[in-house]
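Student: Quick one, fold the following:
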Amino acid sequence: MSGLRTESHKRSGDLRQFLLSGLGVIGLLTLIALAYFLLFYRPSLINRDFPVTLPEDRAVGFVEETLSNKGLDLRVESIERVPSMQFADTVKVASRAKPDRLTDYVIVFVSLNNLSDEARKLYYYGSSQNIEFLLGTRRPSPDIKLAALPRETASIVQAEALPSGDLAPGEGASGYLVFPTNKGAKELSLLVIPNRYRRVNEPISSFEIALEPTD
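Tutor: Next up, the predicted model:
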């Protein structure tokens, strides 16, 4: 009996020493996080809104529908979703658009027309950016993706990217936008919103276009 007590005491001491070690602490924290996830994770309670502030006065619509907002017309002419590895041998870019087996390219062709009396700025990348073109994904978790830079877009689609610059009154522009996204992402929408990271004093035409049917 004395030997059994000694062995039990030794095992208890070893367990205590392990739990107090760095590895033990990490393991304990992992178990707590897993327990919290199992107890409180409820898909029906996930915030289904995009993690950006969408302007309330945005125009909302669908592919092949012309939307108007604050003197600017926008139309998504087409959408194509292609595995990025299809371009692995032709795309030579070191960026977020780099091909891999877990990524799709969402290729969108967009047309814009300025119907207002003033020039509209279409700077959507770089230091002059005042419009963000984003891909909003609602599932498997809310997320947003920035459009690839124009030079990367042109490399992927072998065609002209949506141009950046001033759009004069009565002038139109069209071109491609390419978004990398997870293969499991569903319920995609194109979002056109004011830049979240710098103050834009002029009015921005904002849009939300559903690119795929929702369940």
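
Student: When you work out contacts or count neighbours from here on, use the C-alpha atoms and nothing else.
Tutor: Fine.

Student: need the contact list for residue 67.
Tutor: 59, 60, 61, 73, 74, 75, 207 (C-alpha atoms under 8 Å, 6 or more residues apart in numbering).

Student: what do you get for residue 103?
Tutor: Going by C-alpha under 8 Å, 6+ apart, residue 103 touches 83, 84, 85, 180, 181, 182, 183.

Student: For it, give the beta-bridge partners.
Tutor: Residues in a beta bridge with residue 103, per DSSP bridges, are residue 182.

Student: Look up the pLDDT of residue 105 for me, please.
Tutor: Turning to residue 105, the model gives it a pLDDT of 92.

Student: swap that for residue 201, please
Tutor: 77.

Student: now do residue 160
Tutor: Per the predicted model, pLDDT is 93 at residue 160.

Student: Next, count neighbours for it.
Tutor: Residue 160: 16 surrounding residues under other C-alpha atoms under 10 Å.

Student: in the protein, which spans are strands?
Tutor: 59-62, 67-69, 72-83, 103-114, 120-121, 131-139, 143-146, 166-167, 172-182, 186-194, 207-210 (DSSP state E).

Student: for the third one, packing partners?
Tutor: For strand 72-83, the packing partners by 3 or more C-alpha pairs under 8 Å, 6 or more residues apart in numbering; DSSP states H and E come out as strand 67-69, strand 103-114.

Student: try 10 Å
Tutor: Judged by 3 or more C-alpha pairs under 10 Å, 6 or more residues apart in numbering; DSSP states H and E, strand 72-83 is in contact with strand 59-62, strand 67-69, strand 103-114, strand 172-182, strand 207-210.

Student: What lies in contact with the first one?
Tutor: Applying C-alpha atoms under 10 Å, 6 or more residues apart in numbering, the contact partners of strand 59-62 are 66-70, 73-77, 189-192, 205-213.

Student: Name the residues of that strand that are buried.
Tutor: Residues of strand 59-62 classed as buried: 59, 60, 61, 62 (neighbour count, 16 or more other C-alpha atoms under 10 Å).

Student: starting at the chain centroid, how far to it?
Tutor: 18 Å (C-alpha atoms, centre = their mean, to the nearest Å).
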